[in-house]
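Asker: any chance you could fold what I've pasted below:
(one chain, ligands or ions: 1)
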Amino acid sequence: MLALAGRHECLTLNTIADVRGGLVALEALHNVPFEIKRVYYLFDTAKGVKRGFHAHKQLKQLAICVSGSCQFLLDNGSQKESITLEGVDKALYMEGLIWREMSEFTSDCVLMVLANAYYDEADYIRNYQTFLEFISR
Ligand code: T46
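Answerer: Purely as a prediction, here's the structure:
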């Protein structure tokens, strides 16, 4: 199967707030642009740690820092963009062939990720040269 072209987008989620506090709702095919099959979260990330260093062939994901913040370096093979993900109403949508590296996790960072597929190691490209080869196909 052909890999999905890489794309990312920063989204602002609607917040419902009243005197009691705030609420953000995530709904498949409404503000989450896919059917949700999996949710995972990264937490207690040690100081100075970098994660990621891979791309996906098909996966669609939406990442939100529900606490704290972290940095994403996104690379589509020709352009790199560094994004600070911070705020419970800020989401980063990623699909397909985007190389990602995450860093600068704050000690309180909880990075929640929604995905459109179950975990499948075969969807990962964990070598940068292989990623570039996929891009040029
Ligand atoms: C991504 C970024 C943002 C599972 O068993 N199930 C899962 O759903 C996931 C996500 C991971 N794992 C296992 C696979 C590894 O043995 O957990 C271990 C750590 O995974 P990984 O090194 O891929 O974690 P990150 O933080 O580098 O990347 C993760 C996601 O894997 C990836 O899809 O886009 O977060």
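Asker: run a quick neighbour tally on residue 34.
Answerer: Residue 34 has 17 neighbours, counted by other CB atoms under 10 Å. Any C-beta I mention is one placed from the backbone N, CA and C, and that applies to glycine too.
Asker: thought it was touching residue 116?
Answerer: Yes: at 3.9 Å, residue 34 and residue 116 qualify as touching, with contact defined as CB atoms under 8 Å.
Asker: and for the two, which residues touch both?
Answerer: Here residue 34 and residue 116 share the contacting residues residue 60, scored by CB atoms under 8 Å, 6 or more residues apart in numbering.
Asker: contact residues of this protein facing the ligand?
Answerer: When proximity is defined as CB under 6 Å from any ligand atom, the chain approaches the ligand at 38, 40, 42, 51, 52, 61, 63, 100, 113, 119.
Asker: now the buried members of those residues.
Answerer: 42, 61, 63, 100, 113 (16 or more other CB atoms under 10 Å).
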